[in-house]
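Trainee: with the input below, show me the fold.
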Amino acid sequence: MLSTSRARRALRTIGMVTTVALFTACGGDVGEDGASGDAGGEAEASFRVALLTSGPVSDAGWYAGAYEGLLAIRDSLGAEVSHQQTRTPAEFDEAFLAYGSEGYDLVFAHGSEYQDAAMRAGPRFPEMSIVVSGGGQVGANVVPLIFTLWEGSYLAGMVAGGMTESGIIGMVGGVATPPAQGTFRAFEAGALAVRPDATVLEVFIGSWDDVAAAKEAAVAQIERGADVVIHNTDGASFGVFQAVREATEGGAQTWAIGMNRDQNDIAPEVTLGSAVIEIPYAFLQVARAWQAGSLGGQPVYEGFREGVVDFVPNPARIDRIPAELLDRVRAAGDSIRAGTLEVPGIDYVEGEAG
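Mentor: Here you go, the predicted model:
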């Protein structure tokens, strides 16, 4: 396996939850079963942490990893935690207002869609730190958390370039945000590094969670000859895996590649590997930085060198990937870690707080 952070995956023993912990006016704890509860008359926790997601934590990807991170902070640091699923800008503002008014210390706003609301809330609640995953602006207490997922995506592209027989590779994205576009630029570069004559198809469906649209997009790319398809979506990823599985069942060997989280077990028979973010570990490190007083005023970058980003081959299909290709990918990973291979991405962070 290529991952250098196996020990950190122990955080995943928390397990996937399918129940969203709802925010309450009293700032309820997230219980062991993921349900909201009260403090049971105990003294108020000294460290209060919240999570905002715009999609369900049952997505087996981006949101699920964030929720696991919230639970890791609770279990490792003894924090009182809360989660809200918010879908509209008005709900974003309301959530920041609620958490700020309740005296929460740290809020993880998991997605660049929260950036504007976070910048509005920051000055209003200067004692509350807001961490925006994939954010593009820095405030005195608003911190972009940048996962350099393009590094893992580049390695995934190398695998795709080495495994395609048709020379056509597909990319299905959710919303065309700079972070998502950056992963696709890197994936394409990795594919062309191995297969210079490859054709890389790209589509954004305009939604992170529309399973049907993602499946339709993947089917269209497969019909155009794509025999390896990667996604950068959230819940919509299930549509991509379904399209690839059905194509293979129909007699055309087609491969999928996961993104954002280790998704190798979703459709293990057709998945080559996953470009992974160890979100729980990154969240825990950010929470510790807040406790140490070292969080704020500048972006936080978490990537390959920090053990947060990686490409993880699917153990159920690793025998299908040629050993020489795995060696080449491993060497590229070592070069990224050493700083001698610069992977193309998109720089979208604007300025730093003074």
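
Trainee: for the rest of this, base every contact and every neighbour count on C-alpha atoms.
Mentor: Will do.

Trainee: show me where the stretch 51-200 of the chain has helices.
Mentor: Assigned by DSSP state H, counting those that start in this stretch, the stretch 51-200 of the chain shows helices spanning 62-77, 89-101, 115-124, 149-163, 178-194.

Trainee: in whatever helix or strand R288 lives in, which residues are buried?
Mentor: Secondary-structure assignment from DSSP states H and E places R288 in helix 279-292. Across helix 279-292, burial judged by 16 or more other Cα atoms under 10 Å covers I279, P280, Y281, A282, F283, L284, V286, A287, R288.

Trainee: lowest confidence element among the helices and strands of the protein?
Mentor: strand 36-37 (a mean of 37; mean pLDDT, DSSP states H and E).

Trainee: check the gap between P123 and Y99 for me.
Mentor: 14 Å (Cα to Cα, to the nearest Å).

Trainee: I'd say G235 and D59 touch.
Mentor: Yes - contact criterion Cα atoms under 8 Å: G235 and D59 qualify, at 4.5 Å.

Trainee: who has more neighbours, those two?
Mentor: Taking neighbours as other Cα atoms under 10 Å, G235 and D59 compare with G235 leading, 23 against 20.

Trainee: does the more buried one count as helix, strand or coil?
Mentor: Under DSSP: H, G, I helix; E, B strand; the rest coil, G235 falls in the coil class.

Trainee: now it: how far from M259?
Mentor: G235 is 11 Å from M259, by Cα to Cα.

Trainee: same deal with F304?
Mentor: 15 Å.

Trainee: give me the residues contacting the helix holding R288.
Mentor: 8, 11-12, 65-70, 72-73, 106, 295, 302, 308 (Cα atoms under 8 Å, 6 or more residues apart in numbering).

Trainee: who wins for neighbours among those?
Mentor: Of these, with other Cα under 10 Å as the count, Y67 tops at 30 neighbours.

Trainee: tell me the pLDDT at the residue nearest to that residue when sequence neighbours are not counted?
Mentor: Once flanking residues are discounted, Y67 sits nearest to V57: 6.4 Å by Cα to Cα, 6 or more residues apart in numbering. On the pLDDT scale, V57 is placed at 95.

Trainee: repeat for I14
Mentor: On the pLDDT scale, I14 gets 32.

Trainee: quick one: buried residues of the helix or strand where E246 lies?
Mentor: Applying DSSP H and E as the criterion places E246 in helix 237-249. Neighbour-count burial for helix 237-249 flags S237, F238, G239, V240, F241, Q242, A243, V244, R245, E246, A247, T248 (criterion: 16+ other Cα under 10 Å).

Trainee: got it, and stretch 296-310?
Mentor: So, applying 16+ other Cα under 10 Å, buried residues of stretch 296-310: 296-300, 302-305, 307-310.

Trainee: how long is that stretch from one end to the other?
Mentor: End-to-end span of stretch 296-310 (Cα to Cα): 26 Å.

Trainee: dump the C-alpha coordinates for stretch 212-227 into CSV.
Mentor: Presented in CSV, the C-alpha positions along stretch 212-227 are these (Å, rounded to 0.1, in the frame of the first residue of the first chain):
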residue,chain,number,x,y,z
ALA,A,212,-28.8,10.4,-10.8
ALA,A,213,-27.0,13.3,-12.5
ALA,A,214,-23.6,11.8,-11.6
LYS,A,215,-24.6,8.4,-12.9
GLU,A,216,-25.9,10.0,-16.1
ALA,A,217,-22.6,11.9,-16.6
ALA,A,218,-20.5,8.8,-15.9
VAL,A,219,-22.6,6.7,-18.3
ALA,A,220,-22.1,9.4,-21.0
GLN,A,221,-18.4,9.4,-20.6
ILE,A,222,-18.3,5.6,-20.6
GLU,A,223,-20.3,5.6,-23.9
ARG,A,224,-17.6,7.9,-25.3
GLY,A,225,-15.0,5.3,-24.5
ALA,A,226,-13.8,6.1,-21.0
ASP,A,227,-12.7,3.0,-19.2
